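Undergrad: Quick one, what's the 3D model for this:
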Amino acid sequence: MLQFPGSCDERDALRATRSVGDAQLLWHGDASLKGVDAIVIPGGFSYGDYLRAGAIARFAPAMESVIAFAADGGLVLGICNGFQVLCEARLLPGALLVNANRRFTCRQVELEVVNPDTPFTRACSAGERLSIPAKHAWGRFYDEPKTLLAMDYCGQVVCRYAAGY
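TA: The predicted model follows:
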């Protein structure tokens with residue numbers, strides 16, 4: 001579990017990961033990942049998101065290790081701001097844009113599991129709906145249509161907003 005200044009959801013994510021195995025909190029300023037089996041970058045507002053969501057966190061010393069870990073096939077999960085950090089670090093394609101309503105949004109949403117064949121979704125079934133909290137100001141993922149189609153074709157789309165969201 002990687003913690004940045006200004007993040008606020010690392011304790012919830014730490015509790016969740018400890019329910020399925022050993023987990024520890026790693027500080028962004030420490031380049032060592034301490035031999036972990038997977039990295040979770042939780043939500044919150046790293047560095048206050050003053051420049052752009054995740055843009056400053058991308059340069060934290062720990063992120064160079066996360067990038068190398070991912071390049072070696074390590075499991076990395078970005079939740080909310082963590083997803084934004086991964087996009088800024090170019091571990092994920094695309095970018096996150098400001099919400100269409102140009103406001104911070106906080107609500108419960110339903111996701112549909114598209115790909116249950118990942119280490120993070122193997123307890124789910126295809127088509128299963130998951131209810132999760134969503135809170136962000138920069139939550140619209142964007143990339144070129146050809147990239148989105150390629151991601152879908154390669155099974156890289158894991159969840160989508162369920163119909164009606």
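
Undergrad: how far away is residue 158 from residue 140?
TA: Distance, residue 158 to residue 140, using Cβ to Cβ, to the nearest Å: 17 Å. Just so you know, the C-beta spots here come from the backbone N, C-alpha and C atoms, and that holds for glycine as well.

Undergrad: what do you get for residue 58?
TA: For residue 58, the distance to residue 140 - Cβ to Cβ - is 19 Å.

Undergrad: Name the residue in the two with the higher neighbour count.
TA: For residue 58 and residue 140, the more surrounded residue by other Cβ atoms under 10 Å is residue 58, and the numbers stand at 21 against 11.

Undergrad: who touches the more buried one in this structure?
TA: 85, 88, 89 (Cβ atoms under 8 Å, 6 or more residues apart in numbering).

Undergrad: Next one, pLDDT for residue 49 please.
TA: Here the pLDDT value assigned to residue 49 is 69.

Undergrad: JSON lines for the contacts of residue 58, including neighbour count, secondary structure and distance to residue 19?
TA: Formatted as JSON lines, the contacts of residue 58 follow (neighbours: other Cβ atoms under 10 Å; DSSP: H, G, I helix; E, B strand; the rest coil; distance: Cβ to Cβ, whole Å):
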{"residue": "85", "neighbour count": "31", "secondary structure": "helix", "distance to residue 19": "23"}
{"residue": "88", "neighbour count": "22", "secondary structure": "helix", "distance to residue 19": "29"}
{"residue": "89", "neighbour count": "22", "secondary structure": "coil", "distance to residue 19": "27"}
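
Undergrad: okay if I get those residues as a markdown table plus distance to residue 148 and pLDDT?
TA: Below are those laid out as a markdown table (distance: Cβ to Cβ, whole Å; pLDDT from 0 to 100):
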| residue | distance to residue 148 | pLDDT |
| --- | --- | --- |
| 85 | 21 | 91 |
| 88 | 19 | 91 |
| 89 | 20 | 94 |
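
Undergrad: As CSV, the residues you listed with distance to residue 22 would be great.
TA: Converted to CSV, the contacts of residue 58 look like this (distance: Cβ to Cβ, whole Å):
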residue, distance to residue 22
85, 23
88, 28
89, 25
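
Undergrad: Against residue 52, how distant is residue 81?
TA: Distance from residue 81 to residue 52, by Cβ to Cβ: 11 Å.

Undergrad: In the protein, which helix is the longest?
TA: Ordering each helix of the chain by length in residues (DSSP state H) puts helix 61-71 first.

Undergrad: all strands in this structure, in order from the N-terminus.
TA: Secondary structure of the chain (DSSP state E): strands at 2-3, 26-27, 38-41, 75-78, 95-97, 105-113, 129-136, 140-142, 159-161.
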